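> Build the 3D model from these lines:
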Amino acid sequence: MEEKIKEILSELSGIPVASLREDTRLVGDLGMSSFDLADTIVTVEELYGVRIPDERFPELETVADIVRVIREENAL
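Numbers count the residues shown, from 1 in each chain. Just a heads-up that it's a prediction; the model follows:
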């Protein structure tokens, strides 16, 4: 799951997948806007058939945070 999320983030940010780590910060390192983050979450939700509640968005600061929240919310 983490690798696929990195691929999605790489597509959106233009940063190579090999440069992304689990502690890569979405805003600070990738320069993502809130719109970019929302687009990423929608893509991930559709890909995995999961749901991330809007109130959890503020927790999504790193690649690892996305993976963690998906697992917590959807028991994956």
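
> ok, which stretches of the protein are strands?
Counting by DSSP state E, one finds no strands in the chain.

> Point out where it drops to low pLDDT.
Counting by pLDDT under 70, the chain contains low-confidence residues at 75-76.

> Just give me the residue closest to the centre of it.
Central residue of the chain (C-alpha atoms, centre = their mean): Ile66, 4.5 Å from the mean position.

> Contact partners for that residue?
Residues counted as contacts of Ile66 (C-beta atoms under 8 Å, 6 or more residues apart in numbering) are 5, 40-41, 44, 60. (Each C-beta comes from the backbone N, C-alpha and C, glycine too.)

> repeat for Leu60
Residues near Leu60 by C-beta under 8 Å, 6+ apart: 26, 37, 41, 52, 66, 69.

> Need these in TSV (columns: distance to Gly14).
Shown next, in TSV, are these (distance: C-beta to C-beta, whole Å):
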residue	distance to Gly14
Leu26	14
Leu37	16
Ile41	19
Ile52	24
Ile66	18
Val69	24
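
> Compare those residues and tell me which has the most neighbours.
Using other C-beta atoms under 10 Å as the neighbour test, those are led by Ile66, with 25 neighbours.

> what number of residues lie near Pro58?
When counting by other C-beta under 10 Å, one arrives at 8 neighbours for Pro58.

> who touches it in this structure?
Taking C-beta under 8 Å, 6+ apart as the definition of contact, Pro58 has no neighbours.

> Next up, the contacts around the residue nearest to Glu22 when sequence neighbours are not counted.
The spatial neighbour of Glu22 that comes closest, neighbours along the chain excluded (C-beta to C-beta, 6 or more residues apart in numbering), is Ala64 at 4.0 Å. The contact partners of Ala64, by C-beta under 8 Å, 6+ apart, come to 2, 22-23.
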